[in-house]
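> Structure, please.
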Amino acid sequence: MNKEFKDTAKKLVDSMTLEEAASQIKYDSPAIDRLGIPAYNWWNEGLHGLARAGTATVFPQAIALAAMFDKDMLEKIGDVIATEARAKYNESKKLGDRDLYKGITMWSPNVNLFRDARWGRGQETYGEDPYLTARLGVAFIRGLQGSGKYLKVSACAKHFAVHSGPEALRHGFDAKASKKDLEETYLPAFYAAVKDADVSGVMGAYNRVNGEAACASQELVVKTLRKDWEFDGYFVSDFLALMDFHENHHVTKDVFETCAMALKATCDVNAGFAYRSMMEAYEKGMVTEEEIRNAAISAYTIRAALGMFADDCEYDEIGLDAIDTDESAELSYQASVNSTVLLKNDGILPLNKDDIKSVAVIGPTANSIVVLEGNYNGTSSRYVTNIEGIRNAVNPGTRVLYSEGSHLFADKVQNLAFDDDRLSEAEMVAKAADVVILYVGLDSTIEGEQGDTGNAFAGGDKTSLFLLEPQRRLVERVVSTGKPVILVCNTGSAMDLSYEDEKCNAILQSWYSGQAGGQAVADIIFGDAVPSGKLPVTFYKDGTQPPMEDYSMKGRTYRYYEDTPLYPFGYGLSYSSFEYSDLKLDENGATVTVTNTGSVKADEVAELYIDKMPEDKKSNGLNGDVSQLDPANQPKYSLAGFERVSLAPGESKEVEFSFDERTFDTVLEDGSRVKLKGTYKLFVGGQQPDERSTALTGKKCLEGEITI
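A predicted model of the protein is given here:
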């Protein structure tokens with residue numbers, strides 16, 4: 001933060017009594033009338049649209065946005081969210097409404113790693129890869145914060161730093177991670193948020209990390225974040241996380257010790273109620289006046305950076321007409337199209353509208369608004385459900401037949417009926433149609449955050465990667481009719497679709513697809529749009545992952561997974577085909593020519609992977625010293641670049657990848673980073689360089705070498 005904002009903050013805090021200063025480090029900061037300072041609530045959400053404050057543009061869930069592999073669009077989406085947040089803030093404060101979710105400190109993005117497919121909150125993340133998460137997180141933060149004199153809104157990278165389930169245990173769980181896994185996997189996205197995006201806020205996690213409460217970790221917060229990375233924004237606890245110190249983690253004996261531990265670890269703002277006891281902790285001699293005032297200055301520096309105490313803020317005039325615009329709706333629709341991943345296509349897609357006289361739309365997510373939203377969502381005025389999208393897309397006169405087919409998770413739809421009370425209707429509808437579009441999946445009442453879900457089987461986590469039993473019975477009944485079946489899966493996470501892959505003609509993964517998700521999927525099915533999404537997570541077969549409580553990366557994500565996945569990270573089909581040629585490498589980056597060899601205009605995501613262990617070091621170690629280099633505990637390869645390119649049929653474009661300061665880093669067992677001298681292999685294509693991707697696409701990546 002620049003000196004002007006810090007000086008403003010210090011001047012204001014210096015004018016407060018100590019009790020007033022202590023009141024301002026609570027998330028629900030009260031007004032200080034004598035200084036003309038209004039009340040302010042720090043808690044607002046903007047994960048994939050302005051959330052929980054009424055009407056807003058609802059974009060696809062974060063995991064879907066990751067599937068676009070598109071930094072530029074993420075930045076544009078962040079800017080729309082910031083605009084709508086500013087508009088709501090400006091208009092609300094005119095009416096004296098200073099409630100939560102009306103402010104301009106956004107507790108987004110979630111840059112935790114989606115290391116386990118069962119984690120309910122994985123939908124909030126940008127997937128399983130540290131590089132992808134880092135680059136998308138940086139783009140989104142830049143979109144939120146803007147490039148003006150003042151912050152458009154304040155972004156907050158969460159949850160620092162080793163946090164990805166289990167949800168049911170999070171308030172007392174100790175996530176144990178090696179120094180190597182910390183540096184290589186769990187920290188890079190936060191490092192990028194601080195160093196590359198200048199993020200103004202960081203939120204701690206509920207759990208402990210290697211024995212320390214994450215919101216007051218000397219290793220992570222004091223040493224790594226504040227000292228090593230020189231982060232000078234504000235640090236905020238997750239909601240009620242500080243109470244866990246004495247109630248669940250037992251690292252303190254009472255709320256006063258908790259206040260002291262958190263404050264001394266530079267937790268500036270408390271989301272929750274622990275800091276209501278701060279003055280008592282002060283009176284007991286457990287915290288100092290300087291520590292309280294420093295935290296308040298940190299908080300007020302952000303408020304000053306947002307222009308709250310200035311009369312020249314460029315965002316003060318944004319008003320109601322900036323919310324829910326046609327332009328933001330079009331951006332949301334395009335994001336829904338670009339995030340949809342075509343997992344299987346035996347040639348049935350796209351459907352020819354003229355050949356289809358009747359369509360059976362079946363499934364518990366076909367007529368659902370909730371599957372468009374995901375969690376941490378706003379409310380759209382423009383929802384297009386899956387079935388509405390089909391009705392909009394088909395030719396006039398085409399008959400659309402509908403059956404719910406099954407409940408999302410219960411054995412029956414009507415309480416007094418027999419089990420599977422909608423299966424016969426699903427069968428009759430399927431038999432009467434030319435083609436079946438079968439909508440299945442989950443929603444945020446099943447997978448999500450602990451305490452945030454209406455039907456949490458495991459605190460919001462999944463207990464299995466299979467579709468829920470009523471839906472599995474539905475799929476079996478529908479495919480038994482022999483009619484062509486296109487399966488559309490609305491989930492926030494990877495599923496084991498092995499049976500569906502075997503039995504269905506096509507499969508689309510549409511995530512929690514945004515306000516226009518139903519239209520986007522329908523347009524893809526009928527060829528009015530072309531699929532281009534790529535998987536930001538591995539789709540595993542059920543039962544092949546380590547225990548969820550194990551935070552070691554061994555056996556996790558595409559970088560360390562040893563079995564054959566169902567669908568690999570980075571995979572996604574298109575209605576067109578692409579050829580890669582003329583790969584060139586030097587110490588600064590890579591270039592490759594991509595040609596659309598198909599018959600339709602389409603986007604392609606070009607992916608660059610690197611084997612970070614030079615061949616001559618895999619056995620020889622580091623300059624003869626192998627004590628901190630375990631070649632068996634290194635990734636097979638890692639994503640090191642991605643670019644989305646749009647190509648007309650027959651068109652070629654040169655795609656450039658730039659290497660960054662960490663591209664050739666190898667992380668050793670002690671967590672140190674080194675650049676090993678030697679020859680590195682690089683791979684470029686529309687997929688991973690693995691055998692499964694090659695088998696699914698019939699294509700191989702280009703390979704090259706570079707010596708450093």
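> And for residue 448, the neighbour number?
26 (other Cβ atoms under 10 Å). No exception for glycine: its C-beta is placed from N, CA and C like everyone else's.
> Backbone dihedrals for it, please?
In this entry, residue 448 is assigned phi and psi values of phi 170, psi -150 (degrees, to the nearest 10).
> so it sits right up against residue 123, yeah?
Yes - taking contacts as Cβ atoms under 8 Å, residue 448 lies within contact range of residue 123: 7.3 Å.
> Which residues are in contact with each of these two?
Both residue 448 and residue 123 are in contact with 375, 492, where contact means Cβ atoms under 8 Å, 6 or more residues apart in numbering.
> I'd guessed residue 452 sits against residue 460; true?
Yes - the pair formed by residue 452 and residue 460 meets the contact definition of Cβ under 8 Å, at 6.7 Å.
> out of those two, which sits in the more crowded spot?
Remark: of residue 452 and residue 460, residue 460 carries more neighbours, 27 against 16, as counted by other Cβ under 10 Å.
> mind showing which ranges of the stretch 401-550 of the chain have poor pLDDT?
Residue ranges of the stretch 401-550 of the chain with pLDDT under 70: 453-457.
> can you do 80?
Within the stretch 401-550 of the chain, the segments meeting pLDDT under 80 span 451-458.
> Which parts of it are helices?
In the stretch 401-550 of the chain, the segments counted as helices under DSSP state H, counting those that start in this stretch are 423-432, 469-479, 498-503, 517-525.
> cool, and the stretch 201-350 of the chain?
According to DSSP H, counting those that start in this stretch, the helices that the stretch 201-350 of the chain contains are 243-244, 255-264, 278-283, 289-305, 326-339.
> nearest to residue 316, of those helices?
Shortest separation from residue 316 across the helices of the stretch 201-350 of the chain is recorded for helix 289-305, at 14.0 Å, computed as Cβ to Cβ.
> Show me what the closest one is packed against.
Identification of packing neighbours for helix 289-305 by 3 or more Cβ pairs under 8 Å, 6 or more residues apart in numbering; DSSP states H and E yields helix 3-14, helix 18-23, strand 234-236, helix 255-264, helix 278-283.
> Deepest in the core, which of the ones you listed is it.
Ranked by mean neighbour count under mean count of other Cβ atoms under 10 Å, these are led by strand 234-236, which reaches a mean of 27.
> which residues are in contact with it?
For strand 234-236, using Cβ under 8 Å, 6+ apart, the contacting residues are 27, 42, 107, 156, 160, 200-204, 221, 225, 266-271, 298-299, 301-302.
> any weak-confidence spans in the stretch 601-708 of the chain?
For the stretch 601-708 of the chain, applying pLDDT under 80 flags the ranges 613-627.
> cutoff 50 now
Within the stretch 601-708 of the chain, the segments meeting pLDDT under 50 span 621, 624.
> What's the local residue count around the residue lying closest to residue 258 once chain neighbours are set aside?
Closest residue to residue 258 in three dimensions, ignoring its sequence neighbours and counting by Cβ to Cβ, 6 or more residues apart in numbering: residue 245, at 4.2 Å. Residue crowding around residue 245 was assessed by other Cβ under 10 Å; the count is 25.
> gap between residue 346 and residue 87?
Between residue 346 and residue 87 the computed distance is 47 Å (Cβ to Cβ, to the nearest Å).
> Which one's more surrounded, these two?
Remark: of residue 346 and residue 87, residue 87 carries more neighbours, 21 against 9, as counted by other Cβ under 10 Å.
> Model confidence for the more buried one, exactly?
According to the prediction, residue 87 has pLDDT 98.
> ok, now residue 360?
98.
> do residue 77 as well
98.
> For the residue lying closest to residue 524 once chain neighbours are set aside, which residues are in contact?
In space, residue 524 comes closest to residue 531 once its chain neighbours are excluded; the distance is 5.2 Å by Cβ to Cβ, 6+ apart. With contact set as Cβ under 8 Å, 6+ apart, residue 531 has these partners: 337, 340, 341, 342, 508, 524, 572, 573, 574, 575.
> My guess is the last one contacts residue 349. True?
Yes - proximity of residue 575 to residue 349 meets the contact threshold set by Cβ under 8 Å, at 7.2 Å.
> Can you pull the residues that touch both of these two?
By Cβ under 8 Å, 6+ apart, residue 575 and residue 349 have these common neighbours: 342, 527.
> Residue 73: what's it in contact with?
Residues in contact with residue 73 (Cβ under 8 Å, 6+ apart) are 65, 331, 334, 335, 338.
> Correct me if wrong: residue 259 contacts residue 278.
Yes - Residue 259 is within contact range of residue 278, at 5.1 Å (criterion: Cβ under 8 Å).
> which residues do the two both contact?
Once Cβ under 8 Å, 6+ apart is applied, the residues that residue 259 and residue 278 both contact turn out to be residue 287.
> Can you report how many residues lie near the closest residue to residue 152 other than its chain neighbours?
With sequence-adjacent residues excluded and distances taken as Cβ to Cβ, 6+ apart, residue 152 is closest to residue 146, at 3.4 Å. Residue neighbour count, defined by other Cβ under 10 Å, stands at 18 for residue 146.
> And for residue 226?
Applying other Cβ under 10 Å, we find 16 other residues in the vicinity of residue 226.
> Next: residue 601.
One way to gauge burial is a neighbour count; for residue 601, by other Cβ under 10 Å, it gives 14.
> and it, how far is that from residue 646?
According to Cβ to Cβ, residue 601 stands 7 Å off from residue 646.
> Same check on residue 526?
Between residue 526 and residue 646 the distance is 20 Å, computed by Cβ to Cβ.
> Neighbour count: the two, which is higher?
Each of residue 526 and residue 646 had its neighbours counted (other Cβ under 10 Å), and the higher figure belongs to residue 526 (21 against 13).
> where's the closest residue to that one other than its chain neighbours relative to residue 154, distance?
When the adjacent residues along the chain are set aside, residue 526 lies closest to residue 393, with 4.7 Å between them (Cβ to Cβ, 6+ apart). Shown here: residue 393 relative to residue 154, a distance of 40 Å by Cβ to Cβ.
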